[in-house]
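Undergrad: Provide a 3D model corresponding to the input given below.
(one chain, ligands or ions: 1)
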Amino acid sequence: MRTAVYPGSFDPITMGHIDIIMRSRAVADRLIVAVLANPQKKPLFSIEERVLQVKKAVSGMKNVSVQHFEGLLVNFARHVSADVIIRGLRAMSDFEAEFQMSLLNKRLRPGTETVFLISAEPYTYLSSSAIKEIIRGGASGKGLVPPHVEEELKKRLYTGTGIFESTR
Ligand code: PNS
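TA: This next block holds a predicted model:
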C-alpha cells in the first residue's frame, strides 16, 4: 500500500489541484492532501476553512483524506508513513522552486521521492492567486474552482465594485 502526500497552501483549492488529486491515484494507493497551516503566508482563508473546502472537494473520492500540517513537510510525511510527495507542475516557471524544494526534502529525509504531475492543459494558467483576482473583479469562477469555493470567495472578496458595476 503506497501512501503519498499532496501538500499545498490551498488558499483556495482549485480545479487544477483537484485534477492532480484525481490523477495521483496512478502513483499512490492512498493520498493525504496536506494543507499547510502557515500564518506567515497570510492566507485569505483560515486553516479550518481551507481544510473544510478541500474535504468538501474530495468527498466521495476513495482513499483520499485531508489533514493540516505545520513545520516541515518531511516531518509530516514521516508521521503519516509516506515516502512520496506529489506536486503539480504548470510551467517552466514552477520548475526552479519545485526543483529546490524536492532536493531539500530529499536531503532532509533521504528516501523521500517527489513525483511531478504535469497540469492538465486547461489548468496550466490557473492559480489560487489568479482565481482570487477573478472573483474580486466580479467575473465567474465556473470551471476554475468548485461551486462551494466560488461561493465562499464571493462572500469574502466581491464587494460589488468590480469592473462590470463601475462602468455602468
Ligand atoms: O501551494 P504551495 O504554497 O505552492 O505549497 C508549498 C508547500 C506547502 C508545499 C511548501 O511551502 C512546504 O512544504 N512548506 C512546509 C515547509 C517545508 O517543509 N519546506 C520545504 C523545505 S525548506
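
Undergrad: now the strands for the chain?
TA: Assigned by DSSP state E, the chain shows strands spanning 3-8, 30-36, 64-69, 84-89, 113-118.

Undergrad: residues in contact with the last one?
TA: It refers to strand 113-118. The contact list for strand 113-118 (Cβ atoms under 8 Å, 6 or more residues apart in numbering) reads 4, 20, 23-24, 27, 83-89, 98, 101-102, 105-106. C-beta: built from backbone N, CA, C; applies to glycine.

Undergrad: the residues you listed: which ones sit near the ligand?
TA: Filtering the contacts of strand 113-118 for proximity to the ligand by Cβ under 6 Å from any ligand atom leaves 101, 105.

Undergrad: show me the shaky parts of the protein.
TA: Under the criterion pLDDT under 70, the flagged ranges of the chain are 161-168.

Undergrad: remind me, longest helix of the chain?
TA: helix 92-108 (DSSP state H).

Undergrad: quick one, what contacts the nearest residue to Phe69 once chain neighbours are set aside?
TA: The shortest distance from Phe69 to any non-neighbouring residue, by Cβ to Cβ, 6 or more residues apart in numbering, is to Phe76 (3.9 Å). By Cβ under 8 Å, 6+ apart, the contact set of Phe76 is 5, 7, 34, 67, 69.

Undergrad: ok, now Gly8?
TA: 17, 33-36.

Undergrad: any chance of these in TSV, plus distance to Glu151?
TA: Shown next, in TSV, are the contacts of Gly8 (distance: Cβ to Cβ, whole Å):
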residue	distance to Glu151
His17	17
Val33	20
Ala34	24
Val35	19
Leu36	23
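
Undergrad: please list which of these are also close to the ligand.
TA: Okay, of the contacts of Gly8 touching the ligand (Cβ under 6 Å from any ligand atom), that's Leu36.

Undergrad: helices or strands next to the longest helix of the chain in the packing?
TA: helix 73-79, strand 84-89, strand 113-118 (3 or more Cβ pairs under 8 Å, 6 or more residues apart in numbering; DSSP states H and E).

Undergrad: partners of the last one in the sheet?
TA: Each strand paired with strand 113-118, and its direction, by DSSP bridges: strand 84-89 (parallel).

Undergrad: who touches the partner strand?
TA: For strand 84-89, the surrounding residues in contact (Cβ under 8 Å, 6+ apart) are 2-7, 16-17, 19-20, 24, 27-28, 31, 73, 77, 94-95, 98, 101-102, 105, 112-119.

Undergrad: pull the number of nearby residues for Ile134.
TA: Look at Ile134: counted by other Cβ atoms under 10 Å, it has 19 neighbours.

Undergrad: I'd say it and Gly143 touch.
TA: No. In this structure Ile134 lies outside contact range of Gly143 using Cβ atoms under 8 Å: 11.2 Å.
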